[in-house]
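Colleague: No letters, just coordinates:
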């Protein structure tokens, strides 16, 4: 792909997201979502591989369905109430339809079926964009929809946490493991969105750093399956040493940064007199922790056989993404002592 075309697509990707989260009118927000979707489709299919084309087609159909539902919900609300304001979505049918459409765009359970298959057909860098940047605009619209019933958001969040935990248990493909991890983390964000939206924003920010660290590390070590993690020591010893900390931070173990959002969300659920929901959420984190421990063990505590039929990869990797990776790993591992500062900033 030409660098000029790639730069135009990336600029359009950013423009669509900015239009969506800076608008208060449903038509502008819908337009931003459409620009966002149309900009990432050529990036997803740039490899001209059949699996990439298949993943792009699935993504387009799903996102087009969700966008049509958002447009229909906003038009119905304007017909009934005369309002196009996102925060004035008061028609019950429109609220339900828009919430379902945004859940489909985010990949929340039970409408998560498209996300593992799409991510599996993409390269790791495009998968990183799909797992992080593409979640910002729909999540912003959910934050602005103040009329959603908390029962709906807690149901979506709890089902996403459980599906994300159970779905990743038996996976050997690293992209699918991190995809189910994404579903589980989105569940944590959605379950608290009606009680403390600032914790949702904090969780999203830390999730972006942790997922970026994991996927860029896998990209630099060219690992796509669980077995290929064993060859990482010879390619990038320093990254291999830090990778278990990153994935355990994704699991929410103290004293790593990933413990901060889970701790604060459980604390807020307890304050809202929802101890049973907090207990089930904490237990769902234990399910996810199992496959994070599998990743840590496969990368840090195993080594490939001395005689291997596979082609030996060149050890001297490029410096691409080095600064971004260093920043992302630092934030993913060492931020927990700054919890009071983060609370002050986000509140």
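Modeller: Good, I have the coordinates. What you see is a predicted model; the values in this text were computed from it and never measured.
Colleague: CA only for contacts and neighbour counts going forward, please
Modeller: OK.
Colleague: Run through the helices of the stretch 151-300 of the chain in chain order.
Modeller: All helices of the stretch 151-300 of the chain, identified by DSSP state H, counting those that start in this stretch, fall at 174-191, 197-220, 232-235, 237-251, 259-271, 275-300.
Colleague: what sits up against stretch 278-292?
Modeller: Residues from elsewhere that reach stretch 278-292, judged by C-alpha atoms under 8 Å, 6 or more residues apart in numbering: 158, 161-162, 164-166, 168-169, 177, 181, 184, 247-248, 250-252, 266, 269-270.
Colleague: redo that, cut-off 7 Å
Modeller: Identification of contacts with stretch 278-292 by C-alpha atoms under 7 Å, 6 or more residues apart in numbering yields 158, 161-162, 165-166, 168-169, 247-248, 251, 266, 269-270.
Colleague: next one: that stretch to chain centre, how far?
Modeller: 17 Å (C-alpha atoms, centre = their mean, to the nearest Å).
Colleague: Which of the residues in it are classified as buried?
Modeller: By neighbour count with 16 or more other C-alpha atoms under 10 Å, stretch 278-292 contains the buried residues 278, 281, 282, 284, 285, 286, 287, 288, 289, 290, 291, 292.
Colleague: Am I right that residue 225 is in contact with residue 176?
Modeller: No: judged on C-alpha atoms under 7 Å, residue 225 makes no contact with residue 176 at a distance of 9.6 Å.
Colleague: Pick out whichever of the two has more residues nearby.
Modeller: Taking neighbours as other C-alpha atoms under 10 Å, residue 225 and residue 176 compare with residue 176 leading, 21 against 16.
Colleague: Run through the residues that contact the more buried one.
Modeller: Residue 176 touches 116, 120, counting by C-alpha under 7 Å, 6+ apart.
Colleague: at 10 Å instead, please
Modeller: Contacts for residue 176 (C-alpha atoms under 10 Å, 6 or more residues apart in numbering) come out as 115, 116, 117, 118, 119, 120, 167, 168, 182, 224, 225.
Colleague: from the chain's centre, how far out does the helix or strand hosting residue 116 sit?
Modeller: Secondary structure from DSSP states H and E places residue 116 in helix 114-120. Centroid separation between helix 114-120 and its chain, computed with C-alpha atoms, centre = their mean, is 12 Å.
Colleague: For that helix, which helices and strands make contact with it?
Modeller: helix 50-81, helix 92-106, helix 124-131, helix 174-191 (3 or more C-alpha pairs under 10 Å, 6 or more residues apart in numbering; DSSP states H and E).
Colleague: Comparing those helices, which comes out most buried?
Modeller: Greatest average neighbour count among the helices and strands packed on helix 114-120 goes to helix 174-191 (a mean of 27), per mean count of other C-alpha atoms under 10 Å.
Colleague: what's the angle between that helix and helix 124-131?
Modeller: Calculated by axes from the mean of the first three to the mean of the last three C-alpha atoms, to 10 degrees, helix 174-191 forms an angle of 20 degrees with helix 124-131.
Colleague: quick one, helix 174-191 and helix 237-251 angle?
Modeller: Using the same axes, to 10 degrees, helix 174-191 lies at 40 degrees relative to helix 237-251.
Colleague: Let me see the mean pLDDT of helix 174-191.
Modeller: Here helix 174-191 scores 92 as its mean pLDDT.
Colleague: in the protein, which helix or strand is least confident?
Modeller: Ranked by mean pLDDT, DSSP states H and E, the weakest helix or strand in the chain is helix 232-235, scoring a mean of 77.
Colleague: and the gap between residue 154 and residue 133?
Modeller: As for residue 154, its distance to residue 133 is 23 Å (criterion: C-alpha to C-alpha, to the nearest Å).
Colleague: same check, this time on residue 88
Modeller: 26 Å.
Colleague: Among those two, which residue is more densely surrounded?
Modeller: Set side by side, residue 88 and residue 133 show more neighbours around residue 88, with 18 against 14, by other C-alpha under 10 Å.
Colleague: Give the residue spans of the stretch 201-347 of the chain that score low on pLDDT.
Modeller: For the stretch 201-347 of the chain, residues meeting the criterion pLDDT under 70 lie at 304-319, 346-347.
Colleague: again, only this time at 90
Modeller: 217-243, 252-255, 273-275, 285, 287-291, 294-326, 329, 332-347 (pLDDT under 90).
Colleague: what do you get for the stretch 51-200 of the chain?
Modeller: 81-92, 109-112, 121-125, 144-150, 167-174, 196.
Colleague: need the contact list for the closest residue in space to residue 299 that isn't next to it in sequence.
Modeller: Distances taken as C-alpha to C-alpha, 6 or more residues apart in numbering put residue 229 closest to residue 299, at 4.8 Å, once the chain neighbours are dropped. By C-alpha under 10 Å, 6+ apart, residue 229 lies in contact with 174, 218, 221-223, 240, 295-300, 302-304.
Colleague: again, 8 Å this time
Modeller: Contacts of residue 229 (C-alpha under 8 Å, 6+ apart): 223, 298, 299.
Colleague: before we move on, the earlier item: closest one to residue 139 out of the contacts of residue 176, please.
Modeller: residue 182 (13.4 Å; C-alpha to C-alpha).
Colleague: Now do that closest one against residue 99, distance only.
Modeller: Distance from residue 182 to residue 99, by C-alpha to C-alpha: 19 Å.
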